[in-house]
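Engineer: structure for the following, please:
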Amino acid sequence: MLSICIVIASIAAAAYLIFKKYYAPGALLFVGLITLGVVACISPDPLITGKKATHLAALDVIQIFTNLLQTRTAGLGMNIMAIAGFTYFMDQIGASGALVRLSVKPLKLIKAPYIVMTLGFILSLILNVFIPSAAGLALLLMVSLYPVMVMGGISRQSAAATILVGGCCCFGPSGGNNLLAADLTKMHVMDFFLNVQWTIGWVAVIAMLVAHFFIQRWFDKRDLAKGILTKEDFEVPQLTKEDAKAENAPLWYALFPLIPVILLFVFSPLMYKGIRMEVVTALLVSTFVALILDGIRRMNLKESIGTIKTFAQGMGKVFTSTVFLIVCAEVFAAGLTKSGGIAEIINSVSGMQAGGYAVFTVMFLIVVGSAFVMGSGNAAFFSFAPMIPDIAAKVGLNAAFMISPLQLASGMARSSSPIAGVTIAIAGLSGLNPFDLIRRSIPVMVIAIIATYLRSLMLI
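Structural biologist: Numbering: from 1, shown residues only. This next block holds a predicted model:
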């Protein structure tokens with residue numbers, strides 16, 4: 001019982017600190033180290049055994065952090081940093097902006113406002129495959145898709161909510177959480193995306209699209225009739241302009257962000273096994289191709305080579321924001337695991353008649369609740385995902401189909417949180433209150449979360 005109390009206290013402490021806007025990685029690391037320290041004091045067993053052990057309990061607490069930092073930075077961390085470097089480079093040369101502008105053009109031809117909104121939602125989900133940052137994608141869409149939807153006849157609230165929920169799933173091989181999930185399940189990232197994530201996700205997508213169409217239309221009609229909305233809410237506000245480089249980039253630059261996904265798909269176990277293509281290699285090949293073609297267009301070798309600096313800057317930025325968060329979250333998860341509370345909860349739930357399904361339900365609810373309270377899908381998912389393979393083995397369930405719904409649901413819960421970075425960013429650009437956004441996103445996300453859970457029960 002003491003171990004379960006430690007788990008509950010640790011989760012509550014971490015959630016409280018993050019809710020109070022403490023630096024999320026620092027909060028998770030702080031609570032994780034304290035939890036490990038408590039466990040070291042009360043447990044007769046050492047925290048670390050084997051070659052990595054320091055043979056001093058106090059040092060073992062820090063050594064766990066050291067081991068995770070070394071392992072994650074060299075493997076998964078390098079993949080995530082390379083993706084970030086590529087994303088920043090694509091932004092610098094204007095390729096991301098070109099992809100969004102090209103994608104938005106057909107929507108301007110359609111006159112049915114809520115059809116445009118739904119197609120905009122689909123477009124957001126597709127673009128999220130190639131632009132994995134929910135906040136980054138949202139900022140691009142706010143200066144391109146957002147005005148198109150409002151001019152089409154929907155309210156600013158509906159348009160902003162569409163962009164908020166559009167990045168909720170993080171489909172594809174590019175997101176850090178997808179890379180972690182593939183790594184934990186020992187699967188190729190494209191195999192995980194197509195045969196696991198999408199197998200679950202398509203049901204949630206259909207549920208979201210139908211729900212979003214009717215819910216936003218209902219909100220607009222009801223709020224307009226009650227006077228909550230006025231005619232001004234159906235007019236395009238002034239937004240910040242896109243960067244000049246992004247506006248001047250030719251539309252064929254939109255091909256550049258697609259190259260890594262194409263390479264990973266073609267040279268994967270799903271298509272051609274003769275060539276082994278790693279994520280970092282695909283990103284570097286794509287970067288060099290884009291660099292050469294951009295250099296030819298610029299006809300300025302110094303300026304073109306200088307853009308590669310953005311790649312390195314992007315790698316550095318994502319280390320502080322994501323890779324370090326993963327390591328800190330895993331220290332937090334290690335504290336929960338070493339306490340024995342997670343094992344005790346699993347054993348208790350496993351003894352129920354529902355068995356493994358009850359364990360999955362408990363983990364699912366914990367991740368959803370954590371993501372909502374923390375305002376971060378990554379923080380919640382990274383904290384609990386490393387536990388899943390062992391849990392799945394103990395209860396006889398498929399680890400991949402346990403991990404994927406947690407990843408999907410964590411993003412959906414984040415898109416329902418008023419303190420999520422993407423929510424605040426969209427609210428700031430649209431001039432709306434974050435709570436105006438989540439009152440429209442929560443019903444859609446709840447339906448999507450339920451659909452994800454029910455679909456997962458069929459597969460695990």
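Engineer: contacts, neighbours, all on C-alpha from now
Structural biologist: Noted.
Engineer: where exactly do the helices run in the stretch 351-460 of the chain?
Structural biologist: Secondary structure of the stretch 351-460 of the chain (DSSP state H, counting those that start in this stretch): helices located at 356-374, 377-384, 388-395, 399-414, 421-430, 434-459.
Engineer: next one: the stretch 1-150 of the chain
Structural biologist: 2-19, 24-42, 57-74, 76-93, 95-104, 113-130, 134-142, 145-152.
Engineer: rewinding a little: make a markdown table from the helices of the stretch 351-460 of the chain and add mean neighbour count to it.
Structural biologist: Shown next, in a markdown table, are the helices of the stretch 351-460 of the chain (neighbours: other Cα atoms under 10 Å):
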| stretch | mean neighbour count |
| --- | --- |
| helix 356-374 | 21 |
| helix 377-384 | 26 |
| helix 388-395 | 17 |
| helix 399-414 | 28 |
| helix 421-430 | 20 |
| helix 434-459 | 20 |
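Engineer: quick one: closest of those to Ala98.
Structural biologist: helix 421-430 (20.5 Å; Cα to Cα).
Engineer: picking that back up, any chance of the helices of the stretch 351-460 of the chain in CSV, plus distance to Ala138 and mean pLDDT?
Structural biologist: Listed next are those as CSV, based on distance: least, Cα to Cα, whole Å; pLDDT from 0 to 100:
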stretch, distance to Ala138, mean pLDDT
helix 356-374, 19, 84
helix 377-384, 16, 80
helix 388-395, 30, 84
helix 399-414, 14, 92
helix 421-430, 7, 80
helix 434-459, 13, 93
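Engineer: if we can go back for a sec, closest one to His212 among the helices of the stretch 1-150 of the chain?
Structural biologist: Among these, helix 113-130 sits nearest to His212 (Cα to Cα), with 7.4 Å.
Engineer: ok, now which ones touch Ser416?
Structural biologist: Each residue near Ser416 by Cα atoms under 8 Å, 6 or more residues apart in numbering is listed here: 372, 438, 441-442, 445.
Engineer: give me the neighbour count for Met149.
Structural biologist: 29 (other Cα atoms under 10 Å).
Engineer: cool, Ser43 as well?
Structural biologist: Neighbours around Ser43, by other Cα under 10 Å: 12.
Engineer: look up how far Ala254 lies from Ile126.
Structural biologist: Here Ile126 is placed at a distance of 13 Å from Ala254 (Cα to Cα, to the nearest Å).
Engineer: CSV for the helices of the stretch 351-460 of the chain, including distance to Val205?
Structural biologist: Below are the helices of the stretch 351-460 of the chain laid out as CSV (distance: least, Cα to Cα, whole Å):
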stretch, distance to Val205
helix 356-374, 18
helix 377-384, 18
helix 388-395, 24
helix 399-414, 11
helix 421-430, 20
helix 434-459, 7
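Engineer: of all these, which lies closest to Trp202?
Structural biologist: helix 434-459 (9.0 Å).
Engineer: that closest one versus helix 356-374: what angle between them?
Structural biologist: 160 degrees (axes from the mean of the first three to the mean of the last three Cα atoms, to 10 degrees).
Engineer: so what does helix 434-459 touch, helix or strand wise?
Structural biologist: When contacts are defined as 3 or more Cα pairs under 8 Å, 6 or more residues apart in numbering; DSSP states H and E, helix 434-459 sits against helix 156-166, helix 198-226, helix 399-414, helix 421-430.
Engineer: alright, I will stop here.
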